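Novice: requesting a structural model of the entry that follows:
(2 chains)
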Amino acid sequence: MAGFKSTENYIATRDLEVAVNAAVTLQRPLLVKGEPGTGKTVLAHEVAQSLGLPLIEWHIKSTTKAQQGLYEYDAVSRLRDGQLGDPRVHDIGNYIVRGKLWDAFDSAEQTVVLIDEVDKADIEFPNDLLLELDRMQFFVYETRRTIVAKQRPVVIITSNNEKELPDAFLRRCFFHYIRFPDRPTMERIVQAHYPDIRKDLAREALNVFFQIREVPGLKKKPATSELLDWLRLLMVEDLPPEALRTNEKHLVIPPLYGALLKNEQDVHLFERLAFLARRGG
Amino acid sequence: MFAHLVLGLRSAGLPASITEYLTLIGAMKAGVTEYSVDDFYYLARATLVKDERHLDKFDRVFAECFKGLEPPEGVEVQDLPEEWLRKLAEKLLTPEEMEQIKGLGGFDAIMNRLKELLAEQKGRHQGGSKWIGTAGTSPFGAYGYNPEGVRIGQDESRHRRAIKVWDKREYRDLDDTVELGTRGMKLALRRLRRFARQGAATELDLPDTIRSTANNAGTLDLKMVPERHNTVKVLLFLDVGGSMDDHIRLTEELFSAARSEFKHLEYYYFHNFPYEKVWKHNRRRFEETIPTWQVLRTYGPDYKLIIVGDAAMSPYEITMPGGSVEHYNEEPGTVWLDRLCSHYRRSAWLNPTPKQSWGHVRSITMVNDLMQHRMYPLTVNGIDEMTRELSR
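Specialist: Predicted structure coming up:
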């Protein structure tokens, strides 16, 4: 199987490549953590694309139950059908609704399964999926059937660290923490997304971007996705690089800052700092 | 094969298990990576570390286990410019040692000694004391020495890559023993919430009852769930004034963010050490003081007392009547702290100063003894330990 490598649209560091390839080869889930906006979810798309496999996405919410990923028994419609005398009621299989994992297990070709933001769910959620992810099989009580994966899917799990995951679950995964990209990596990422961006504009924008990240006390530091949005805006507006140029010491509020600072307190903080810098300088 | 790595990790407090070790071996066998040290490092990291808080520890243990294992493009001894080596040697070696080395004669000997010294220094730094940080005269910075790890000759023009990946220690700020930052707040908050949720009376679970009744085709089936009960009452004593203010603000924010989870949260301020008076509004601290006796009477023993302060003061402030810096106290601080601790069955002291330096300050040791070692650092880990102690 061809290994996972950086693609045109996605710059993966070497350690990420190793982690993904290890997970794919040993058929174990890969747990990805990292600052918001560093491309955790996009990773699954890229892995699916580079391996040429279909992607099944399962987005987790606070109300999601592990069971919903496997199957659900729709008892209410069965009750209703029973009262209406529908003949379908005799086969309980008619009321079993398949979940995402069932789809993945049942697929004839191998799939990539993305379990997105696993930490959003209840604290017991990962525990309920232990066996299913380990053996890639589960048992349907209502129909007394065991569903076994035809092809073990590549499972990618992302977490934003809102809840701690149980040890038993972690032990079965490979783990990768996406670090915030350093400047050279960031330049490559920008290049990958906007190949025709003006060199000087990109340089100035990155200067401003990393300067903003350095500002102490920001509630939400802008991350890769914010930078890319901002760059697109800058390109659409066709701003000259001079508009971004900063005097080393001076902090200026960048144009179209709304794409970078998502929090009004951050904007206030920034304005105050810029004001102080102007006055002090 | 790499058992010593796993053992090293375990003794450093990283929960690496046999399963993970076998996975690592399996991955090596399956040829997941090319034969390169860096790739092996990445693979081992992805297999054995499951939490970014442990990444830094992993880097340290890895460096320790594979000392001498360097990528071929690593530091070449010959590459070290002799001039700065000599300067560094002057700085690190005593004159006697210099003599000795002259006696031994030779570049290699100096180099080895230097390596030893650097290794020692690194070890001490890991121990957490600020050996390098406080030295001040550091010739290291100028010559590419970085306290995050031994980076000799980081000058890129001379060496393409002089540092080993794991020596970069890039994950230091993810370690949960560091002081609370904005990111740590969230985690700490979660620990506090866990602390707040306890008690298990049962109540009727309506949705589940309906579901199981439907499953039973209409026969009533009652389901119960444990009730979430916020029973924890917290009394917070905060040290204000001077260097503590930043930490106090952080702590206040932390606890008020978790406020909804507590049944009661009350806080009072004091300066340096709790005596017979505390106050509720820091701005009017001299007009509106509240006798500590009144606090003791108002809030019963079921409150959990958390005192936040750096406990750094003159020992007299603790042991002597009249020791307070602000007023004349009739009774010494020890009496008051004892009174508080014996009244409140569960109490703890949170200290924002790093734990490593506690031993150097006499008053911190004294307070810690008075608290019967229930003093915890203001870190995610510390809060975790504290909540465990308080909810026992």
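Novice: any chance you could map the helices in chain A?
Specialist: Remark: helices assigned in chain A by DSSP state H are A:14-26, A:40-51, A:66-70, A:75-84, A:100-106, A:125-128, A:130-135, A:167-171, A:183-193, A:199-214, A:224-237, A:264-280.
Novice: please identify the most buried of those helices.
Specialist: Compared across the helices of chain A, helix A:14-26 shows the largest average neighbour count, a mean of 23 (mean count of other C-beta atoms under 10 Å in any protein chain shown). Heads up, the C-betas are built off the backbone N, CA and C, glycines and all.
Novice: what packs against that one?
Specialist: strand A:30-34, helix A:40-51, strand A:154-159, strand A:174-178, helix B:18-29, helix B:37-48 (3 or more C-beta pairs under 8 Å, 6 or more residues apart in numbering or on different chains; DSSP states H and E).
Novice: can you list the helices and strands that the fourth one packs against?
Specialist: The helices and strands touching strand A:174-178, judged by 3+ C-beta pairs under 8 Å, 6+ apart, are helix A:14-26, strand A:30-34, helix B:37-48.
Novice: make a markdown table out of these and add distance to residue A:227.
Specialist: What follows is these, written out as a markdown table (distance: least, C-beta to C-beta, whole Å):
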| stretch | distance to residue A:227 |
| --- | --- |
| helix A:14-26 | 19 |
| strand A:30-34 | 15 |
| helix B:37-48 | 25 |
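Novice: let's have the ones you listed in JSON lines, adding mean pLDDT.
Specialist: Output for the helices and strands packed on strand A:174-178, formatted as JSON lines (pLDDT from 0 to 100):
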{"stretch": "helix A:14-26", "mean pLDDT": "89"}
{"stretch": "strand A:30-34", "mean pLDDT": "91"}
{"stretch": "helix B:37-48", "mean pLDDT": "86"}
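Novice: quick check on residue A:74: phi, psi?
Specialist: Per-residue torsions, residue A:74: phi -90, psi 80 (degrees, to the nearest 10).
Novice: that one contacts residue A:92, doesn't it?
Specialist: No. Applying C-beta atoms under 8 Å, one finds residue A:74 not in contact with residue A:92, separated by 10.1 Å.
Novice: low-confidence bits of the chain, can you list those?
Specialist: Because you didn't say which chain, this covers chain A. For chain A, applying pLDDT under 70 flags the ranges A:1-2, A:246-252, A:280-281.
Novice: not what I meant, chain B
Specialist: Counting by pLDDT under 70, chain B shows low-confidence ranges at B:1, B:68-203, B:225-231, B:241-243, B:257-261, B:282-286, B:391-392.
Novice: can you list the residues of it near chain A?
Specialist: Neighbours of chain A within chain B, by C-beta under 8 Å from any C-beta of the partner chain: B:15, B:17, B:19-20, B:23, B:26-27, B:30-33, B:38-39, B:42-43, B:45-47, B:49-52, B:55, B:170-171, B:174, B:182, B:186-187, B:190, B:211, B:214-215, B:217-218.
Novice: just how off-centre is stretch A:164-171 within its chain?
Specialist: 19 Å (C-alpha atoms, centre = their mean, to the nearest Å).
Novice: enumerate every residue touching residue B:221.
Specialist: B:209, B:212, B:213, B:215 (C-beta atoms under 8 Å, 6 or more residues apart in numbering or on different chains).
Novice: oh, that last question was meant for residue B:12, not what I typed.
Specialist: B:57, B:60, B:61.
Novice: for chain A, see how far away residue B:296 is.
Specialist: 37 Å (C-beta to the nearest C-beta, to the nearest Å).
Novice: helix or strand for the residue lying closest to residue B:54 once chain neighbours are set aside, just tell me which one.
Specialist: Leaving aside its sequence neighbours, residue B:54 sits nearest to residue B:14 (C-beta to C-beta, 6 or more residues apart in numbering or on different chains; 5.1 Å). If you go by DSSP states H and E, residue B:14 is not part of any helix or strand.
Novice: buried stuff in stretch B:255-271?
Specialist: By 16 or more other C-beta atoms under 10 Å in any protein chain shown, the buried positions in stretch B:255-271 come out as B:255, B:258, B:261, B:262, B:265, B:267, B:268, B:269, B:270, B:271.
Novice: farthest-apart pair in those, please.
Specialist: Farthest pair in the buried residues of stretch B:255-271 (C-beta to C-beta) is B:261 and B:271. Separation: 28.8 Å.
Novice: outline the domain layout of chain A.
Specialist: A:14-178, A:183-280 (automatic domain parsing).
Novice: so can I have JSON lines of these showing distance to residue B:325?
Specialist: Shown next, in JSON lines, are these (distance: least, C-beta to C-beta, whole Å):
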{"stretch": "domain A:14-178", "distance to residue B:325": "42"}
{"stretch": "domain A:183-280", "distance to residue B:325": "31"}
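Novice: quick one: which of those domains is nearest residue B:233?
Specialist: Judging these by C-beta to C-beta, what sits closest to residue B:233 is domain A:14-178, at 24.4 Å.
Novice: quick one: terminal-to-terminal distance for the closest one?
Specialist: End-to-end distance for domain A:14-178, by C-alpha to C-alpha, to the nearest Å: 11 Å.
Novice: give me the distance between the two termini of stretch B:340-351.
Specialist: Stretch B:340-351 end-to-end distance (C-alpha to C-alpha) = 17 Å.
Novice: domain parsing for chain B?
Specialist: Residue ranges for the domains of chain B, per automatic domain parsing: B:77-158, B:182-202+B:230-390.
Novice: which residue, other than its chain neighbours, is closest to the closest residue to chain B within the stretch 101-250 of chain A?
Specialist: Of all residues in the stretch 101-250 of chain A, residue A:170 sits closest to chain B, with a separation of 3.7 Å (C-beta to the nearest C-beta). Nearest residue to residue A:170 in three dimensions, chain neighbours excluded: residue B:50, at 3.7 Å (C-beta to C-beta, 6+ apart).
Novice: quick one, what contacts that neighbour?
Specialist: Taking C-beta under 8 Å, 6+ apart, one finds A:31, A:165, A:167, A:170, A:171, A:173, A:175, B:15 in contact with residue B:50.
Novice: how about it, phi and psi?
Specialist: Per degrees, to the nearest 10, the backbone of residue B:50 is at phi -120, psi 10.
Novice: can you pull the contacts of residue A:77?
Specialist: Counted by C-beta under 8 Å, 6+ apart, residue A:77 has contacts residue A:95.
Novice: please identify which pair of the contacts of residue B:50 lies farthest apart.
Specialist: Applying C-beta to C-beta across the contacts of residue B:50, the maximum distance is between A:31 and B:15, 14.6 Å.
Novice: the more surrounded of these two?
Specialist: Counted by other C-beta atoms under 10 Å in any protein chain shown, residue A:31 and residue B:15 do not tie: residue A:31 has more neighbours, with 28 against 15.
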